[in-house]
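*Asks:* how would this look folded up:
(chains A and B, ligands or ions: 3)
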Amino acid sequence: MEHIVIIGNGISGVTAARHIRKLSDKKITIISSETEHFFSRTALMYVYMGHMKFENTKPYEDWFWDKNRIALKKALVKSIDSNNKQLLLSNDERFSYDKLIIATGSKPNKFGWPGQDLKGVIGMYHKQDLENLEKYAPNNKECKRAVIVGGGLIGIELAEMLHSRNVPVTFLVREDSFWNGVLPQEESEMINKEIIDNHIDLRLGVNLKEIKADASGKVKSIVIAETGEEIECNVVGLTAGVSPNINFVKDSAIETNRGVLVNRFLETNTKDVYAIGDCAEQKVAIDQRRPIEAVWYTGRMMGETLAQTICGKKTAYKPGHWFNSAKFIDIEYQTYGWVWAKPRENEARFFWQHKDGKKAIHVNFDKNTREFIGINTFGIRMRHEFFDKVLTEKKEVEYVLKNLANANFDPEFYKQHEQEIISKFNKENNTSIKAEKKSWSLIFNRS
Amino acid sequence: MKTLKNIGLIICFIGFTIFTASIFTGTNKVSQETFDSWASQKVKSEFFIEKAQKEIVGKELSAYQLSSKIKNIAKASNEHYKSQKEIAWDKIIWLKWNKTSKDFIFPLARASATGWVSQNQGLFFWLTFGLAIIGGLIAFGADYKLLGPAGIKNNGIFQHSATNRGIIGIGAFAFFVIFYVLLYFFPNYLINPILSVNPIKNWMNGNESDQWFLYGFMYCSVMTVFAVRMFIKYRHNNYQILRTAVVLFFQIAFAFIIPEILVAFNKPWFDFKNAWPLNYTFFFDYNLNNLIDSGNLGIFMLVWGIILTLIIVPVMVYFYGKRWYCSWVCGCGGLAETLGDPYRQLSSKSLFSWKIERWLIHGVLVFATFMTVLTLYTYFAEIESWKELAFGISAYDIQSSYGFLIGSIFSGVIGTGFYPILGNRVWCRFGCPLAAYMGLVQRFKSRFRITTNGGQCISCGNCSTYCEQGIDVRAYAQKGENIVRSSCVGCGVCSAVCPRGVLKLENGPEDGRINPTEVLLGNDVDLLKLMNEK
Ligand SMILES: Cc1cc2nc3c(=O)[nH]c(=O)nc-3n(C[C@H](O)[C@H](O)[C@H](O)COP(=O)(O)OP(=O)(O)OC[C@H]3O[C@@H](n4cnc5c(N)ncnc54)[C@H](O)[C@@H]3O)c2cc1C
Ligand code: SF4
Ligand code: SF4
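*Replies:* Numbering: from 1, shown residues only, chains lettered A, B, ... in the order given. Ligands and ions are numbered 1, 2, ... in the order given. Alright, predicted model coming up:
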């Protein structure tokens, strides 16, 4: 029986394993060093915040793996010997495979800052990071202040986590507005405000110079490069992005760049070795996507796709329309299609914000053809299915606005803002569209 | 604000302490008149009357002394008569641990209460209920500021002893269980608490309060205080605000005020929203006779009860799911969603508990149906309910074992007492026969579902954690599958806590309601088709 070995029990590796099991009877082993069982990385924050126990982050009960004949092995892979189709584990055991899937995810970036390895400096990626945080910042008596370096999605989550235990937080962001490499200015400013409203000390346009230690080798303070200001703190969170966790692949025959390089079939240059998830880098980026996409959904989709190939039905990875979501403290965010930070030449924008500053939508469309390109939505939930269809059918922006009620996914009895949104659109675009009534047949038309 | 909260908690705690302490204090003095009228209704044993006359009447006794004296005299009396050659069965006093105290001793204890409390009922009300309610409102009110801006604030829930089966949680559990046992089986020890609500009962319909009035009043006040907590906690979520307000209204109006008014007009006590089989006594002979003897209104109640169960319940479940009842109307649900809300995360999500749940809840439904069919049979066949039917068992035996096992132990002691251990809705999930009935309709013929938003789920598990019914919501959401589980009571909290906007409770066309998927939206369209069409 063919033995499929998967390194990494994150969403991509586990999805591949599950689908291979559905499609075949192959022998499957998942090797991972972080935890015994698959857990949801995206939920780590809720464990620290006390919303959940670690137990609750596991999407499958522990009996699931046995029942589905997916063998789990807790070990660290040191290197890959693809000539002999063997893995070398950290206890010097050799482990053979017939097909190998590399799904080792990411690790937090460190840019060689002085003091970056001191006690009290943490990343926010692995379960061990969570344990460190619990150790160094259990409450605001042990941790009088924490400084977070790097303003992305993980940075703001870490800020929210510490804030939930009333630990004062200073948040250093290199850009002059939060996440404005991805978010347009309007949204970025809205999130700046949300951060400040939660009493987080947001510092925009600053870089970390160094982290200083006290006599015992623990974090004492940080220094800001631009101003030389020194801020006393007990914990430093490094959240300046992530990069593929592939050091152990580097001296094998497998070709790498920042990540493990793969073609559209998620194959590496080496026979019977594949890579998926955060650690995979497309040789040629797909459409407008980045070559490395470190998000949950793409890891899952690569796993779904690769399982087909492994089980004899060679399938290219062809992700559909881009979508993503996040939550900025209390503001939920979803996006469908593309809304770049800055409009491209052919693009026009429509932005609406609610007067309470916690809800907004930003629509991107083609100036000339009026084709809908994408939407950012804040504080209003929208239907994935609706936008997927609109993008596939290349509908016009007017169609989308008219049908906003059909796109709305907020809980029942929520206040709806379609009228207000549409009248603003009409005013700006000299149109006279009217809102369509909610239609079940439109919402559930799955054709 | 923190100080304000603590002050509120202290005030509330004082009220509770006085309330609890009063259970064990209080004295009784049985007057001749009280004794005669009680004895003439309850006992035929001259032996008992003579002895009790000497030992009880005119003496100042604690509730405990009074109760044990009565029990001892009754035992002596039974021995006396049983030692005679010819046993006079009508003079034997039936003693049973779960019946004697409430049916035999309680009426005398209630009528003979003396002491400070009985003379200062109004003041005592303020010292117990008054302080507890005001303190509770202050403490929860302070959360408005303490929780921070509106939004999901479940911070620290699994780190707090009250909500994670810690010492406080276990204490609350013990308190609830003991309270329910006293309430159902030993109300003779609850005389002072019962007196505290006496002025209200007097005012409402001129009667004297009993343990059920105390329970009803407590139920409404607890729900009100905790509803305020819900309003504050979910002030950003209209679904939660509305349903909490409505369920509170139904409890206060339909289960408390209207029945008391009916009684004031000499009509039967009747809760118009309480549907069979939750209301398991509806078809009992005494209830049917009572309704039939109560004129037009009684007949209306009878017809209404039947229509409610046979037509209104299933039709409403078809259109809106069982949530219309469980989360918007029902009193048990109302308590679970208010007092129980802090405990929702404790319900087990394992497959194993789902299996237990299905056996138990459907078992209770079968039991309730069987009992009712039997009751109606004896009723129409004009067989006395205490007559043996088969195997030495009468319809009355079955009714009383249901009443004891399901009506008291399961729905009360376990159903509510175990909130801090097994999560709220223990009763609704494992025991309620009406929920089982509606669940079958909801699963197989309903427009209600929880829609999953395409491929947006990140498997974080907030939804499953906070599902009070122990549904592993994530298991469906991460597959892109709608949730159509029979046990879902539509509380909407999974949707509220989801950080990615994945879940929406809605009523829509039946077509496409159940949508098993293999590959989620967002991937290659051809792959999606290929996998999902198989
Ligand atoms: C705090 C946080 C919040 C996030 N929130 C979101 C979100 O809201 N939405 C979203 O789309 N994405 C989010 N992400 C990103 C998302 O979690 C990742 O994209 C996803 O988990 C990647 O999955 P993966 O399977 O590729 O790798 P991983 O989940 O990283 O799994 C890889 C596993 O392999 C193990 N491993 C690595 N090297 C070895 C080795 N040599 N030997 C053995 N085992 C090894 C690792 O320890 C790890 O357990 C978040 C990430 C973090 C850290
Ligand atoms: S599935 Fe959601 S709505 Fe249904 S009972 Fe559970 S938490 Fe409530
Ligand atoms: S809470 Fe939302 S994102 Fe998290 S597992 Fe449930 S449905 Fe998925």
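*Asks:* Say whether ligand 2 is contacted by the host helix or strand of B:Glu357.
*Replies:* Using DSSP states H and E, B:Glu357 maps to helix B:351-380. No - contact between helix B:351-380 and ligand 2 is absent, the nearest approach being 12.4 Å (criterion: C-beta under 6 Å from any ligand atom). Bear in mind the C-beta positions are built from the backbone N, C-alpha and C, glycine included.
*Asks:* how about that helix: buried residues?
*Replies:* B:354, B:357, B:361-362, B:364-365, B:367-368, B:371-372, B:374-375, B:378-379 (16 or more other C-beta atoms under 10 Å in any protein chain shown).
*Asks:* Look at B:Lys91 and report its pLDDT.
*Replies:* pLDDT, B:Lys91: 86.
*Asks:* The closest residue to B:Leu288 other than its chain neighbours: what's it in contact with?
*Replies:* Leaving aside its chain neighbours, B:Leu288 sits nearest to B:Tyr379 (6.5 Å; criterion: C-beta to C-beta, 6 or more residues apart in numbering or on different chains). Applying C-beta atoms under 8 Å, 6 or more residues apart in numbering or on different chains to B:Tyr379 gives the contacts B:283, B:285, B:288.
*Asks:* measure stretch A:401-414 end to end?
*Replies:* Its first and final residues considered, stretch A:401-414 spans 19 Å by C-alpha to C-alpha, to the nearest Å.
*Asks:* how about it against ligand 2, any contact?
*Replies:* No - using C-beta under 6 Å from any ligand atom, stretch A:401-414 stays clear of ligand 2, coming no nearer than 10.3 Å.
*Asks:* Tell me if that stretch is near ligand 3.
*Replies:* No - residues of stretch A:401-414 contacting ligand 3 under C-beta under 6 Å from any ligand atom: none, with a closest distance of 12.0 Å.
*Asks:* What lies in contact with that stretch?
*Replies:* Counting by C-beta under 8 Å, 6+ apart, A:350, A:363, A:380-383, A:386-387, A:400, A:416, A:418, A:421-422, A:425, A:433-439, A:442-443, B:237-239, B:242, B:451, B:453, B:492, B:495-496, B:501, B:504-506 sit against stretch A:401-414.
*Asks:* list the buried ones in the least confident helix or strand in chain A by mean pLDDT?
*Replies:* Using mean pLDDT, DSSP states H and E, helix A:440-444 stands out as the lowest-scoring helix or strand of chain A, at a mean of 75. If you call a residue buried by 16+ other C-beta under 10 Å, then helix A:440-444 has these buried ones: A:Ile443.
*Asks:* Could you give the separation of it from the chain centroid?
*Replies:* 30 Å (C-alpha atoms, centre = their mean, to the nearest Å).
*Asks:* got the CA positions of it in PDB?
*Replies:* Taking C-alpha atoms only, helix A:440-444 is exported to PDB below (Å, rounded to 0.1, in the frame of the first residue of the first chain):
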ATOM      1  CA  TRP A 440     -35.100  33.900  -1.900                       C
ATOM      2  CA  SER A 441     -34.900  32.500  -5.400                       C
ATOM      3  CA  LEU A 442     -32.000  34.800  -6.100                       C
ATOM      4  CA  ILE A 443     -30.200  34.000  -2.900                       C
ATOM      5  CA  PHE A 444     -30.500  30.300  -3.200                       C
END
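*Asks:* contacting residues around that helix?
*Replies:* Residues contacting helix A:440-444 (C-beta under 8 Å, 6+ apart): A:383, A:385-386, A:403, A:406, B:508-509, B:511-512.
*Asks:* and after the helix holding B:Glu357, which helix or strand comes next?
*Replies:* strand B:388-390.
*Asks:* pLDDT (mean, whole number) over that following strand?
*Replies:* Here the average pLDDT along strand B:388-390 is 74.
*Asks:* One more: stretch A:191-206?
*Replies:* 97.
*Asks:* what's the answer for stretch B:216-232, then?
*Replies:* So the average pLDDT for stretch B:216-232 ends up being 96.
*Asks:* now stretch B:527-534
*Replies:* 70.
*Asks:* Ok, stretch B:274-289 next?
*Replies:* Computed over stretch B:274-289, the average pLDDT equals 87.
*Asks:* show me the residues around the most centrally placed residue in chain A that make contact.
*Replies:* Centroid-nearest residue in chain A: A:Val295, 3.5 Å away (criterion: C-alpha atoms, centre = their mean). The contact partners of A:Val295, by C-beta under 8 Å, 6+ apart, come to A:Asn324.
*Asks:* Any figure for the gap between it and B:Asn78?
*Replies:* 77 Å (C-beta to C-beta, to the nearest Å).
*Asks:* cool, and B:Glu357?
*Replies:* For B:Glu357 relative to B:Asn78 (C-beta to C-beta), the value is 44 Å.
*Asks:* what pLDDT, on average, does the helix holding B:Glu357 get?
*Replies:* Helix B:351-380 comes out at a mean pLDDT of 90.
*Asks:* cool, and stretch A:233-249?
*Replies:* 96.
*Asks:* CA atoms only: put that stretch into CSV for me.
*Replies:* Provided in CSV are the C-alpha atoms of stretch A:233-249 (Å, rounded to 0.1, in the frame of the first residue of the first chain):
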residue,chain,number,x,y,z
CYS,A,233,7.8,47.1,29.1
ASN,A,234,7.9,43.5,30.2
VAL,A,235,6.8,41.8,27.0
VAL,A,236,7.6,42.4,23.4
GLY,A,237,5.4,40.8,20.7
LEU,A,238,7.0,40.4,17.3
THR,A,239,4.3,40.3,14.7
ALA,A,240,6.0,41.7,11.7
GLY,A,241,4.6,39.2,9.3
VAL,A,242,5.4,35.5,8.8
SER,A,243,7.5,33.5,6.4
PRO,A,244,7.5,29.9,5.3
ASN,A,245,8.8,27.5,7.9
ILE,A,246,11.2,25.5,5.6
ASN,A,247,14.7,25.7,7.0
PHE,A,248,14.8,21.9,7.2
VAL,A,249,14.2,21.7,3.4
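*Asks:* and the residue most central in space within chain B, what is it in contact with?
*Replies:* In chain B, the residue lying closest to the centroid (C-alpha atoms, centre = their mean) is B:Cys332, at 4.3 Å. B:Cys332 is in contact with B:278, B:411, B:415, B:427-428, B:432, counting by C-beta under 8 Å, 6+ apart.
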